[in-house]
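Student: Everything below, folded, please.
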Amino acid sequence: MKKILLSICTFFLLHITFQGRAQYVLKEADKQYELYNYSKAVDLYEQAYQKQKTLHAAERLASAYGLMNNYVQAESWYAIASKMPNPKPEYILGYAKALQNNAKYREAKGQYLNYIALKKDIPVQLQEVWLTSCDSALKWMKYPKSVELINQKALNSIQSDWGAVKFKEGVVFTSDRTNTDLESKESTPFLKFDGAKKPNKKIYGWTGNGYLKLYFKSAATADIQLFPIRTGTNYHVGSASFTADYKTMYFTLTRIPDELEKLKNKPSTVNVEIYSSAQDADGNWTEPVSFPYNNVNAYSVGDPFITTDGESLYFASNMPGGKGGTDVYVCEKTDKGDWGKPINLKEINTAGNERSPVFDSKNNFYFSSDGYVGMGGLDVFRAWRAGGSIGKIENMGYPFNSPQDDFGFSLNDSGGIVYLSSNRSNGLGNDDIYTIDQKQILAFKLTGRVLDKKTNEPVAAALVTLAKVNGSTIKAETDDNGAYQFSLSKESEYNLSADKTGYRSDVENLATIGLASSEVLVQDLYLEQIEINKAIRLENIYYDFDQWNIRPDAAVELDKLVRIMNENPTIWIELGSHTDSRGKDTYNLKLSQQRAESAVQYIISKGINKNRITAKGYGETQLLNQCANGIECTDVAHQLNRRTEFKIVKQ
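Tutor: Numbers count the residues shown, from 1 in each chain. This is a model prediction of the structure:
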């Protein structure tokens, strides 16, 4: 009885300690979330969720990942939150948007309908935008335009790169890359966001990357340099727009005002502003001048575009009096050379967000918006200016647009888009800079079906992605027979993958190198349904006697698990190690735990997030046969129990 009571007391003590640790981590995660430090918050929320699966942690993970534009993870967490007891309708909406951002349009439409049925007060116009967008996107993907978006790897990094514009014989663009060789030497006071801790000078907590800065790359060299303008801030700078003679520039920045409006028990918000600078006689950029309609404590003003004659400045702002989130405005130069009052371009603005306004020499007006029927996120639209008003507005279609954000573009003299910014999937970093090839020659057909690996039945509404090596990415959704098709270029290599909610991905490689143009390629893909907590054996994971270090032959097998986790970035697994019954029970339990931890550390060393994998040593507690203590068995029978398995515990 004494031992039983001691065990019970120990259990409750451990349980209370465990809960206390979980609450501490959750509290710290909430603090980082409220300070917009989402990159730190998601790590803490994942740790908290490992300890205790709460709706709060799941919802915050979904929200934070969405704010970081990681739509794959956002979808996974919204799916979890929406299926937990007493979810808010907003989780259903978040789930629908995440599915849409991941090009899962049929599933997204179903969740939008679920949300509409729950809320019942959604404006009819907004309902139509949501549902029609899903239908239209499927049509655009089925009949894509013959263009190819080419990732500009000479400009892009593994972080965000966007807003590229021509500057003399080179290009100026915006990036949050972290490079100690290119750091600004400027020094300004820090902003105490929470009254105690100062913001990191080099790392932006929202993304975990550096702050945005302007960079320049000359066409003559491969070198990338900080653009030589002293902005007076250590925080965000970009994007930029230049007059036709390149002697005046307008750009956005984040500065810390002398009189910052502080809110009780809330972090301070510093809005984006527009500044201008001109080159002096020596070619140096003068001290930036504030745009007269900046209001750092009240609203943001950004995405400037100065017309070639320097007489009109277009920009995006969430200033009061607009139609939605951010609207596009224009200011005209007065006879005195000042900027007139901002004019809201009501013909194009919606209840959503409009940004990245650009005019070409033929009066074509390009902008990005998430308020019209589109593919998801910000889409690129073109409008014709007829006289003094804006005419027909056209979605540029697929693959100009993607399910993610497409924005930050610039034009050539004839009106074509030269650079486009996008955080579409399969890029080099988050936001990437692309150029557009409108002369793509497609010479081959690729057809195939997506099938259930176990039943061989067709998988409808699976998302098939065709990624050209060193080229563009295009997507298609399978029909009711699981069929898909693509057009392929000559002499090219491709990665082909299929995804579907509730399944593990399948990936194949193919090429058109050396093929005759009349050939039709056929490639089927097979998806395996995810079964939560089902043990999957890893073959050939052996350890030396009484050891737990990873042998080379075991590393080969663990690399296969690394590949599975990379191809399925939302799954979490438990890696379990089992022994046979020979030896003491307690020793076997300890040895198996050491072996499991060793395998987990190996997998983490290959770049897998530590929160996604846990080690569990089972010792001899889950034997697969009768070979328990005291029972004679052959070595072959004992070997069956010595195994390493993994279970998917979250999809």
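Student: Report the residue spans of the stretch 451-600 of the chain with pLDDT below the cut-off.
Tutor: The model of the stretch 451-600 of the chain has pLDDT under 70 over residues 544-546.
Student: which stretches of it form strands?
Tutor: Secondary structure of the stretch 451-600 of the chain (DSSP state E, counting those that start in this stretch): strands located at 463-468, 473-477, 483-489, 493-499, 503-504, 506-511, 520-522, 525-529, 535-538, 572-578.
Student: ok, and what's touching the first one?
Tutor: Outside of strand 463-468, the residues that reach it under the criterion CB atoms under 8 Å, 6 or more residues apart in numbering are 102-104, 148, 425-426, 446, 448, 450, 473-478, 484, 486, 488-489, 492-500, 525. C-beta coordinates here come from the backbone N, C-alpha and C atoms, glycine included.
Student: Verify the stated contact: E332 with Y314.
Tutor: No. Using CB atoms under 8 Å, E332 is not in contact with Y314, being 10.4 Å away.
Student: most centrally placed residue in the protein?
Tutor: The structure's the chain has its C-alpha centroid closest to N70; by CA atoms, centre = their mean the separation is 2.8 Å.
Student: Need the per-residue pLDDT for that residue.
Tutor: Listed pLDDT for N70 reads 92.
Student: Likewise for L5?
Tutor: So L5 comes in at 34 (pLDDT).
Student: circling back to that earlier point, now the strands of the stretch 451-600 of the chain as a markdown table including distance to K40 and mean neighbour count?
Tutor: Converted to a markdown table, the strands of the stretch 451-600 of the chain look like this (distance: least, CB to CB, whole Å; neighbours: other CB atoms under 10 Å):
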| stretch | distance to K40 | mean neighbour count |
| --- | --- | --- |
| strand 463-468 | 31 | 22 |
| strand 473-477 | 30 | 21 |
| strand 483-489 | 40 | 18 |
| strand 493-499 | 29 | 20 |
| strand 503-504 | 30 | 19 |
| strand 506-511 | 32 | 15 |
| strand 520-522 | 46 | 12 |
| strand 525-529 | 34 | 18 |
| strand 535-538 | 33 | 14 |
| strand 572-578 | 19 | 23 |
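Student: Relative to V25, which of the ones you listed is closest?
Tutor: Nearest of those to V25, taken as CB to CB: strand 572-578 at 16.5 Å.
Student: That closest one pairs with which strands?
Tutor: Looking at strand 572-578 with DSSP bridges, its partner strands are strand 613-619 (parallel), strand 643-650 (antiparallel).
Student: These: which one's closest to G94?
Tutor: strand 643-650 (17.7 Å).
Student: Just the buried residues of the closest one, please?
Tutor: Buried positions in strand 643-650, judged by neighbour count with 16 or more other CB atoms under 10 Å: 643-648, 650.
Student: just the CA coordinates of it, formatted as CSV?
Tutor: Taking Å, rounded to 0.1, in the frame of the first residue of the first chain, the C-alpha atoms of strand 643-650 are listed here in CSV:
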residue,chain,number,x,y,z
ARG,A,643,13.1,-2.9,-34.3
THR,A,644,12.8,0.9,-34.9
GLU,A,645,9.4,2.3,-35.8
PHE,A,646,7.9,5.6,-36.4
LYS,A,647,4.3,6.8,-35.9
ILE,A,648,2.7,9.9,-37.4
VAL,A,649,1.2,11.6,-34.5
LYS,A,650,0.1,14.8,-36.3
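Student: which other residues reach it?
Tutor: So strand 643-650 is in contact with 76, 80, 530-538, 541, 561, 570-578, 595-596, 599, 614, 624, going by CB under 8 Å, 6+ apart.
Student: on that earlier part again, more neighbours: which of E332 and Y314?
Tutor: Under the criterion of other CB atoms under 10 Å, the comparison of E332 against Y314 puts Y314 first, with 23 against 13.
Student: Spatially nearest residue to that one, not counting backbone neighbours?
Tutor: Nearest non-adjacent residue to Y314, counting by CB to CB, 6 or more residues apart in numbering: P357, 4.0 Å away.
Student: The one you found and Y36, how far apart?
Tutor: Per CB to CB, to the nearest Å, P357 is found 27 Å from Y36.
Student: gap between the residue lying closest to K104 once chain neighbours are set aside and D432?
Tutor: Distances taken as CB to CB, 6+ apart place L463 nearest to K104, at 6.0 Å, with adjacent residues excluded. Counting by CB to CB, the separation of L463 from D432 is 20 Å.
Student: Give me the distance between V459 and Y503.
Tutor: Taking CB to CB, one finds V459 at 7 Å from Y503.
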